[in-house]
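**Student:** Pasting the sequence and the predicted model now:
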Amino acid sequence: MKNLKILLFFLLYFPSSLSAHQDEVLLQNEQLTCLWKKGTTFWGLEQIAIRQGAANVAGSGGSLNQLVIYSETKPDMTPVDTFSTRQSGHFPEKVFRYPYEAWKSNISAVSLNTGGTRDLLRPSVLISNNPLKFKSESDLGDITTTWRVDGNSICVHQVFKAKKKGYYSVSTPELWKVAKDEIRWATIPGYLHANKVSDDFVAAYGYGYYIPRRPVIYQDRCATTPAVILSDRELTIGISPEAQYPRIPHDSIKNTHSDWNVGLSVMNVIDNVSPTLYYPVLGQTKSLLDAGEEVVFEYRYILSTDNWYGVYKQIVYDIYDFEKTKIMHNQQALIDRVLKMYRYLTDTQTSRFRLAECDETMIGAQDYMGGVVGADKDAMKNSDYGAMWMLGSLTQDTALLRNVLPYARNFKMKQQYTDNSEFKGAIKGQYYLWKSKTWAEEWGQHIEPIAVTYYAIIDLGNMLLFNPQDKEARHNLSLAAEYLLKVQNTDGSWNVGIDKHTKEIIYPDLKDLRPTFYGMIAAYKILKDKKYLNAAIAGADWFIKNAVENGQFLGVCGDTRFSPDFATSQSVQALLEMYEQTKNEKYKEAAVKTAKFYTTYIYTYPNGQTEMQKQRKQELPGWGFTQSGLCFEHAGTIGSSNTRGPILLASHAGMFLRIYDITKDTLFLDMARAAANGRDGFVDKKTSVASYYWSSFDNGAGAFPHHAWWQIGWIMDYLVAEAELRSNGNVSFPRGFVAPKVGPHQTMGFSSGKINGEKVNLLLSDSLISCDNPLCEYLTAVSKKHLYVIVMNSSNKNIKGTLTVKDNGAHSVDLPSYGIKILKLSKS
């Protein structure tokens, strides 16, 4: 690091006018100072410095190299290479048809940055001092860049002028580079979190664990926030295009999710680790230019002494205007959706709840039409036992209590190995195939420890919260806990899974970077044996060291080869519960750190669109179809978001409110509300069930009726979390265990809560209340003497509404932005 005295010298004594012999230029404001220096032929950035309070931090600048790529013909986007894991052979295995297709679309010559004719340019001409403008020249074309500083940002206006007809791509300048042994952190939201460069291309490019040792170019369709952020030991620099340049997912009439406008990279073609953008992208929009034609690109470098998260938040709010998600509002209240989905799920025809025989016992589950290895359109699955038992308790509906829950319980009893085999306590599979009368996992015949956590311990634990007298369920939970304890490694970890037949570890290239340890927490809470808490501590400590500290997480969707997914959000809640049990601050700190990582699983653009757009028979303002605020199922180069975009399942919303309550970081609050509200364009009007994938718009559940249980679960968790937050804790309800697989939402209704100190029980009824304003959310609870109605404004505007309560008449409410009012009424 060089002393800032040299910069101050140039500020005081360097002439501001441009002369024929000028070979140094200074650009600065109160926060930034940038010194350009001319060598024999080219200009380079000699030094950059940022002031943070009384401290000054300076770093060496980059060469300002820019890459121009040219192709006379439109480049082929087919794969040009094959790759293998270090242990398991060809990647991805062809059995994984979903990630296989996504991966192929990310290993073209364009993505791998190997195609076309290429030329490296550096600024050779200083055009002017004010504004500061440079020109770079080559046989392919010329680049003119205009530079200015704004706060802690360096804003660049770039114009490329082609010299011959063809397809072009142009990189941003190498403003700054970090030596490979000095990398503190690198982030491309939606793709990677890394602290080192690796030759393991699958782990780096496939799972986002490292910076690939290749100058790959990532597509903006899965970049949840199109930006590249890089830190060394003292500085963090992020680069982001201005908001109008990345692809938008939907234009005025159609889905445009797969468009590729901006490329993102963290390593350039001369093997330097440097935050880099490409615009246009070779062969994509605006890349075909005639001789003399120009293309403009505007972008920003943001400098900070903070870590990646501070720069990321600045990009989210200052460039992509995430604050504007607050204009999104509901046409149908979330609580109304819950009540209508309740009727959808108690209708055996619409819910596709099926009874089938298994070992001479009638079991019940919903038909599952998704991909399951070995299925013949006969897979059955129950998704969220916590939500099922909660709805039964809150409604006391015999259609659930007699016709659904007993058979779902039987399904759970039969799902588990209870004999004396080596798998005793484990589950036979997520799915029952009723034609062949066999059990199957999603994508193979294996046993995963996390599946034991999910489908034995958590599900049985939630059932036992509502019915602690169920001796068989308690016995089976203890079998599952013993199995999970038996297969835990000495370092606290678990293997991803084992093949049932060969007994070999599946996918040895992967570590179990998932909240498997949560099963031990749940077992301890139910069974009260401290050996399970000790196992949870060992597992959580391993998880923090290997997953949280490195930003590396593994998913739980077998059909996508466990690409990182919503299990990361579940890890947050698991770590919070570790803190609750142990009071060890390291678990709370790890939970917050993991939650920050999870914010990058959420799209943060486009925002503020008010022009009308059409999608089939729907016509809504642009924000009605936006991806902003939605999380992906799994992203990266093999995830479903490559083709389907994000998902509507917002299991993280309630958890984000809990993290906001701890941190007061408003990004969590804004993301929770953006996920929950304004999504009517994705809800089936007949059933009130939202589609799973963004790309399905208002198709509804389709082949996945069990998703309605998850939706009831996350909405109730979110609404109660809002009530608890807004009431400053005067509303509170005990929570059970998280939902298996899809996220951190928790069940309620098994125990009484409190409203202003009075003991109450949650209640759900679709005949109790009507409301004339869909911006009014409400929850109902009863005590021995009173009916409570908790009314909340879901919008950022003042609203009025009238609630008509059975036997209590009409009640008008005036609510400020995100306000709450608690009505205390007589109990009929």
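**Tutor:** Everything's here; your move. Since the structure is predicted, the reported quantities are computational estimates derived from the model, not experimental observations.
**Student:** can we go C-alpha only for contacts and neighbour counts from here?
**Tutor:** OK.
**Student:** what about the strands in the stretch 451-600 of the chain?
**Tutor:** Assigned by DSSP state E, counting those that start in this stretch, the stretch 451-600 of the chain shows strands spanning 498-499.
**Student:** Neighbours of residue 443, how many?
**Tutor:** 17 (other C-alpha atoms under 10 Å).
**Student:** For stretch 387-394, what does the pLDDT average out to?
**Tutor:** Stretch 387-394 shows a mean pLDDT of 98.
**Student:** tell me how far it is from the chain's mean position?
**Tutor:** Stretch 387-394 sits 28 Å away from the centroid of its parent chain (C-alpha atoms, centre = their mean, to the nearest Å).
**Student:** can you check stretch 208-224 too?
**Tutor:** Offset of stretch 208-224 from its chain centre (C-alpha atoms, centre = their mean): 16 Å.
**Student:** And that stretch, end to end?
**Tutor:** 14 Å (C-alpha to C-alpha, to the nearest Å).
**Student:** Can you pull up the most central residue in this structure?
**Tutor:** Taking C-alpha atoms, centre = their mean, the centroid of the chain lies closest to residue 601, which sits 2.1 Å from it.
**Student:** now that one: how far from residue 471?
**Tutor:** 40 Å.
**Student:** avg pLDDT for stretch 779-798?
**Tutor:** So the average pLDDT for stretch 779-798 ends up being 97.
**Student:** Same question for stretch 578-589.
**Tutor:** 98.
**Student:** Repeat that for stretch 89-104.
**Tutor:** Mean predicted confidence for stretch 89-104 is 90.
**Student:** For that stretch, give me every contacting residue.
**Tutor:** 78-79, 82-85, 202, 206, 559-561, 637-640, 642-643 (C-alpha atoms under 8 Å, 6 or more residues apart in numbering).
**Student:** Any chance of a ChimeraX selection covering the buried ones in these?
**Tutor:** Buried members of the contacts of stretch 89-104, defined by 16 or more other C-alpha atoms under 10 Å, are picked up in ChimeraX with:
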select :79,85,202,206,559,560,561,637,638,639,640,642,643
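**Student:** Cross the contacts of stretch 89-104 against strands and list the overlap.
**Tutor:** If you go by DSSP state E, those have 83, 84, 85 in strands.
**Student:** residue contacts, the closest residue to residue 509 other than its chain neighbours?
**Tutor:** In this structure, residue 509 finds its nearest non-sequential neighbour in residue 87, 5.6 Å apart by C-alpha to C-alpha, 6 or more residues apart in numbering. Under the criterion of C-alpha under 8 Å, 6+ apart, the neighbours of residue 87 are 507, 508, 509.
**Student:** Give the burial count for the second one, as a bare number.
**Tutor:** Residue neighbour count, defined by other C-alpha under 10 Å, stands at 16 for residue 508.
**Student:** quick one: it from residue 89, how far?
**Tutor:** From residue 508 over to residue 89 (counting by C-alpha to C-alpha), the distance is 11 Å.
**Student:** Check the gap between residue 383 and residue 690 for me.
**Tutor:** From residue 383 to residue 690 the distance is 15 Å (C-alpha to C-alpha).
**Student:** between these two, who's got more neighbours?
**Tutor:** residue 690 (29 against 24).
**Student:** which residues touch the residue lying closest to the more buried one once chain neighbours are set aside?
**Tutor:** With C-alpha to C-alpha, 6+ apart as the criterion, residue 690 has its nearest non-adjacent residue at 4.0 Å, and that residue is residue 683. Listed by C-alpha under 8 Å, 6+ apart, the contact set of residue 683 reads 689, 690, 691, 697, 698, 699, 700.
**Student:** if we go to 6 Å?
**Tutor:** 689, 690, 698, 700 (C-alpha atoms under 6 Å, 6 or more residues apart in numbering).
**Student:** Farthest pair within those?
**Tutor:** Using C-alpha to C-alpha, the two most remote members of those are 689 and 698, lying 8.8 Å apart.
**Student:** Tell me, how many residues neighbour the nearest residue in space to residue 622 that is not next to it in sequence?
**Tutor:** Excluding the flanking residues, the one nearest residue 622 by C-alpha to C-alpha, 6+ apart is residue 609, at 4.7 Å. Other residues near residue 609 come to 17 when the count uses other C-alpha under 10 Å.
**Student:** ok so residue 609 is a strand residue?
**Tutor:** No: according to DSSP: H, G, I helix; E, B strand; the rest coil, residue 609 belongs to no strand; its state is coil.
**Student:** Next one: it, what pLDDT does it get?
**Tutor:** 96.
**Student:** That one and residue 623 touch, don't they?
**Tutor:** Yes: Residue 609 is within contact range of residue 623, at 5.1 Å (criterion: C-alpha atoms under 6 Å).
**Student:** circling back to that earlier point, so which of the ones in strands among the contacts of stretch 89-104 comes closest to residue 29?
**Tutor:** Nearest to residue 29 among the ones in strands among the contacts of stretch 89-104, with distances taken as C-alpha to C-alpha, is residue 83, at 47.6 Å.
**Student:** Do you have the strands of the stretch 251-400 of the chain handy? List them.
**Tutor:** Under DSSP E, counting those that start in this stretch, the stretch 251-400 of the chain gives strands at 263-267, 273-278, 288-289, 294-304, 353-358, 361-368, 379-381.
**Student:** What separation do you get for the residue lying closest to residue 497 once chain neighbours are set aside and residue 412?
**Tutor:** Nearest residue to residue 497, sequence neighbours excluded (C-alpha to C-alpha, 6+ apart): residue 448, at 4.1 Å. Going from residue 448 to residue 412 by C-alpha to C-alpha gives 17 Å.
**Student:** now residue 273
**Tutor:** From residue 273 over to residue 412 (counting by C-alpha to C-alpha), the distance is 51 Å.
**Student:** now do residue 443
**Tutor:** Distance from residue 443 to residue 412, by C-alpha to C-alpha: 20 Å.
**Student:** Next, count neighbours for residue 420.
**Tutor:** By other C-alpha under 10 Å, 8 other residues sit near residue 420.
**Student:** Find the residue ranges of the chain scoring beneath the pLDDT cut-off.
**Tutor:** Applying pLDDT under 70 to the chain flags residues 1-21.
**Student:** just how off-centre is the lengthiest helix in it within its chain?
**Tutor:** In terms of residue count, the longest helix belonging to the chain (DSSP state H) is helix 707-726. Helix 707-726 sits 18 Å away from the centroid of its parent chain (C-alpha atoms, centre = their mean).
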